[in-house]
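J.: After the sequence you'll find the predicted model.
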Amino acid sequence: MTTTNPVLVEVMRGGAVESIHRGALAVLDADGTIACSLGDTTRPIFPRSAVKSLQALVLVESGAADRLRLGDEALALACASHNGEPDHTRVAADMLASVGQGADVLESGVHWPALDSAQRDLAARGERPNALHNNCSGKHAGFVCLACVMASEAGHEPRSWLGGYVSPEHSLMREVTAALAGITGADLDRAPRGTDGCSIPTYGIALRALALGFARLGTGIGLAPERAWAAQRLRTAVAAHPFMVAGTGRFDTLVMQRLGARAFVKVGAEGVYCAALPERGLGVALKIDDGSTARAAEVVMAATIEVLVALSDDERTFMRAFSETAMLNWNGLEVGGLRASAALRSALVAGAPP
């Protein structure tokens, strides 16, 4: 990193700062005007799962989702990093069934459900996880649905054409990457490229470009009509079924259950978070330098929503519980907490719409 990013989150114990989390934050409108910028927001970072909604745009704008009669649950799951709970695996399986496929076609890999209780229930039944339990199974099921429609339209047999769909050179992934590049304005041909946990390519994109992309996702401004419609369709689906995007006890689900369509939030990996705030016309992208997601990135995103979204007193109290969290020891005693730094709050207030 070429610059030292500011402290965004402080960890308190005994009234003193015990640890700090540095990072960067960008908040832009759909015209590219910067509302708030902290730290190095021009350095390419890997957004990972934070951009699943942007990767799902082609599924909708191509007409494939309507052709397959995918409902709101399915479209929300296509944007998800889910817990692998029964409703998540059910919807992913239904998506695959709509194109005559099963879990074996998914190239996401296999892991146990992210939620402990779902892991225990699966083990208690003597079962092993499959690709449907992968937190990215909804995104990959969406890819498979789109690929099968593309194959059919091109006169190919879908099963034979699906193999290797995670490759950056596959026709499907080229379409997905083009949508990501188009909405963010990033030149992904020149961007750093890596491989995500679920095996699809991930590209280095600056926080400013990501925030711009999410502002466009939230407003439709700067998008072709069919893409603006697809963005609205995905936001509507997620607002209707926020459980599908994450699951029990997860920040994304809890916030969107409470705030509805006023905030679309999506976690990435390694301390990345993105959001669209449609009522304010803003997009948000942040990265915690040390990769802390559940601990620090959620605090920053909560503080951002708390300041930038019009909230009732009860809603503000709800968000404050995430931006100033208590830490309990094993005896249940409060021993400290995490809080958004004064520098972060001041910058957000300065950039808040009137």
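T.: Ah, there it is. Numbers count the residues shown, from 1 in each chain.
J.: Helix or strand with the lowest mean pLDDT in this protein?
T.: helix 158-162 (a mean of 85; mean pLDDT, DSSP states H and E).
J.: Flag every buried residue along that helix.
T.: For helix 158-162, the buried set under the neighbour-count rule, 16 or more other Cβ atoms under 10 Å, comprises 158, 161-162. Just so you know, the C-beta spots here come from the backbone N, C-alpha and C atoms, and that holds for glycine as well.
J.: residues touching the nearest residue to Asn135 once chain neighbours are set aside, list them.
T.: If you skip the residues right next to it in sequence, Asn135 has Ser81 as its closest partner in space, 4.7 Å away by Cβ to Cβ, 6 or more residues apart in numbering. Contact partners of Ser81, counting by Cβ atoms under 8 Å, 6 or more residues apart in numbering, are 49, 52, 135-136, 245-246, 252, 266-267.
J.: Ser81 should be in a helix, yeah?
T.: No: assigned with DSSP: H, G, I helix; E, B strand; the rest coil, Ser81 falls outside any helix and is coil.
J.: confidence score at it?
T.: According to the per-residue confidence, Ser81 scores 97 in pLDDT.
J.: Number the chain from 420, please
T.: Happy to do that; since the first residue is 420 now, the last one works out to Ser500.
J.: how far away is it from Pro644?
T.: 29 Å (Cβ to Cβ, to the nearest Å).
J.: ok so, going back, dump the contacts of Ser500 into CSV; add neighbour count and secondary structure as well.
T.: Listed next are those as CSV, based on neighbours: other Cβ atoms under 10 Å; DSSP: H, G, I helix; E, B strand; the rest coil:
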residue, neighbour count, secondary structure
Ser468, 22, helix
Lys471, 25, helix
Asn554, 21, coil
Cys555, 24, coil
Val664, 28, helix
Ala665, 26, coil
Asp671, 26, helix
Lys685, 27, strand
Val686, 24, strand
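J.: Now distance to Ser586 and pLDDT too, for these, in CSV please.
T.: Output for the contacts of Ser500, formatted as CSV (distance: Cβ to Cβ, whole Å; pLDDT from 0 to 100):
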residue, distance to Ser586, pLDDT
Ser468, 19, 96
Lys471, 18, 98
Asn554, 21, 97
Cys555, 16, 98
Val664, 26, 98
Ala665, 28, 98
Asp671, 29, 98
Lys685, 24, 98
Val686, 25, 97
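J.: Which of those sits closest to Ala543?
T.: Distance from Ala543 was checked for each of these by Cβ to Cβ. The minimum falls on Asn554, at 21.0 Å.
J.: so what's the backbone phi/psi at that closest one?
T.: Note on Asn554: backbone dihedrals following degrees, to the nearest 10 are phi -60, psi -20.
J.: same for the longest strand along the chain, what does it pack against?
T.: Of all the segments assigned as strand in the chain under DSSP state E, the longest by residue count is strand 435-448. The criterion is 3 or more Cβ pairs under 8 Å, 6 or more residues apart in numbering; DSSP states H and E, and the helices and strands that strand 435-448 contacts are strand 426-432, strand 453-457, helix 626-638, strand 701-707, helix 717-727, helix 761-770.
J.: how far off helix 717-727 does it point, in degrees?
T.: 50 degrees (axes from the mean of the first three to the mean of the last three Cα atoms, to 10 degrees).
J.: which parts of strand 435-448 are buried?
T.: Result for strand 435-448 [16+ other Cβ under 10 Å]: buried residues 440-448.
J.: Buried residues, the helix or strand that the least confident helix or strand of the chain is followed by. List them.
T.: Along the chain past helix 577-581, the next helix or strand (assigned with DSSP states H and E) turns out to be helix 590-603. Applying a neighbour-count criterion of 16+ other Cβ under 10 Å, the buried positions in helix 590-603 are 591-592, 594-596, 598-603.
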